[in-house]
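Colleague: I'd like to go over a predicted model; first the sequence, then the structure.
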Amino acid sequence: MKEGPNIAGIAALIGDPARANMLQALMTGVALTASELAQEAGVTPQTSSFHLGRLAEAGLVTLRRQGRHKYYNLADADVAALLEAMSGIAMRAGMTRVRTGPKEPALRKARVCYNHLAGEYGVQAYDSLLARAFLVEDGEQLHLTGDGRSFLSELGVVLPDKESKRRPLCKSCLDWSARRSHLAGIAGTSLLSFFLERGWAKRVDGSRIIEFSKSGDSHFHAIFSL
């Protein structure tokens, strides 16, 4: 008898096309209703509720009630990281859901990965912080140095005084399009919030795309030069 985690069970849940589309839609970090996810998956609301029940039982999504509405999110950053890594493997294997179109270059440039910046800009920010020793890789661990904390704080990025035991301050996340790391964790989320609050970038409705303004683009490259 085999012992240990049943990865086949999780793979089967994610592998269903309707459930995979739902999970991908939730990668924006925005809470969606069962009806909205039904549209994303191309199934009826009844079928959507069944799929979401299975995903919730497995701990892949969470449900939040507000009034008469039910909203769904990805359970946590670990689930998002798993989906991002699987997207990279799918791209490498040539398995894409749609033909290359106008949105693909924009997705590769800058997009939201659950709650942090991904794509070429996410990777550039990570590489820039790493090159200046603001970030230090220690095996699978990622640390923000004292100089790194000072740099981000002076920039205006809000960081907690103490690290949380439940969620790391810094974490590397494998980018599916660049196949290199970008910054996740509290610092990654705070950095994306900084860009959005400054008006340097904005979310594109109904998409994972993050669109930088001309001014935001200039500021980004000045701050995170390589």
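Modeller: Yep, it's here. Numbering: from 1, shown residues only.

Colleague: counting by contacts, list what the lowest-mean-pLDDT helix or strand in the chain packs against.
Modeller: One helix or strand of the chain scores below all others by mean pLDDT, DSSP states H and E: helix 103-109, with a mean of 85. With contacts defined as 3 or more CB pairs under 8 Å, 6 or more residues apart in numbering; DSSP states H and E, helix 103-109 has these neighbours: helix 120-131. To be clear about C-beta, it is placed using only N, CA and C from the backbone, and glycine gets the same treatment.

Colleague: put the alpha carbons of the helix it packs on into CSV.
Modeller: What follows is helix 120-131 as a C-alpha-only set of coordinates in CSV (Å, rounded to 0.1, in the frame of the first residue of the first chain):
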residue,chain,number,x,y,z
GLU,A,120,8.8,40.5,-17.3
TYR,A,121,8.4,43.4,-15.0
GLY,A,122,8.0,41.1,-11.9
VAL,A,123,11.2,39.3,-12.9
GLN,A,124,13.1,42.5,-13.5
ALA,A,125,12.2,43.9,-10.1
TYR,A,126,13.3,40.7,-8.5
ASP,A,127,16.6,40.6,-10.4
SER,A,128,17.3,44.3,-9.6
LEU,A,129,16.7,43.8,-5.9
LEU,A,130,18.9,40.6,-6.0
ALA,A,131,21.7,42.3,-7.9
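
Colleague: quick one, phi/psi of residue 68?
Modeller: phi -90, psi 0 (degrees, to the nearest 10).

Colleague: next: residue 76.
Modeller: phi -170, psi -180.

Colleague: how close does it sit to residue 184?
Modeller: Separation of residue 76 from residue 184 (CB to CB, to the nearest Å) stands at 11 Å.

Colleague: neighbour count: these two, which is higher?
Modeller: Using other CB atoms under 10 Å, the more surrounded residue of residue 76 and residue 184 is residue 184, with 28 against 14.

Colleague: with adjacent residues omitted, what lies nearest to that one?
Modeller: Spatial nearest neighbour of residue 184, excluding adjacent residues (CB to CB, 6 or more residues apart in numbering): residue 173 at 3.9 Å.

Colleague: quick one: pLDDT of the one you found?
Modeller: If you check residue 173, the pLDDT there is 92.

Colleague: contacting residues around it?
Modeller: Residues near residue 173 by CB atoms under 8 Å, 6 or more residues apart in numbering: 80, 81, 84, 113, 116, 118, 181, 182, 183, 184, 188.

Colleague: was I right to think the third one contacts residue 177?
Modeller: No. At 9.7 Å, residue 84 does not count as touching residue 177 under the criterion of CB atoms under 8 Å.

Colleague: show me the common contact partners of these two, please.
Modeller: Counting by CB under 8 Å, 6+ apart, the common neighbours of residue 84 and residue 177 are residue 118.

Colleague: outline the domain layout of the chain.
Modeller: Listed domain ranges for the chain are 7-75, 100-223 (source: automatic domain parsing).

Colleague: need these in a markdown table with distance to residue 90, can you?
Modeller: Putting the domains of the chain into a markdown table (distance: least, CB to CB, whole Å) gives the following:
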| stretch | distance to residue 90 |
| --- | --- |
| domain 7-75 | 10 |
| domain 100-223 | 8 |
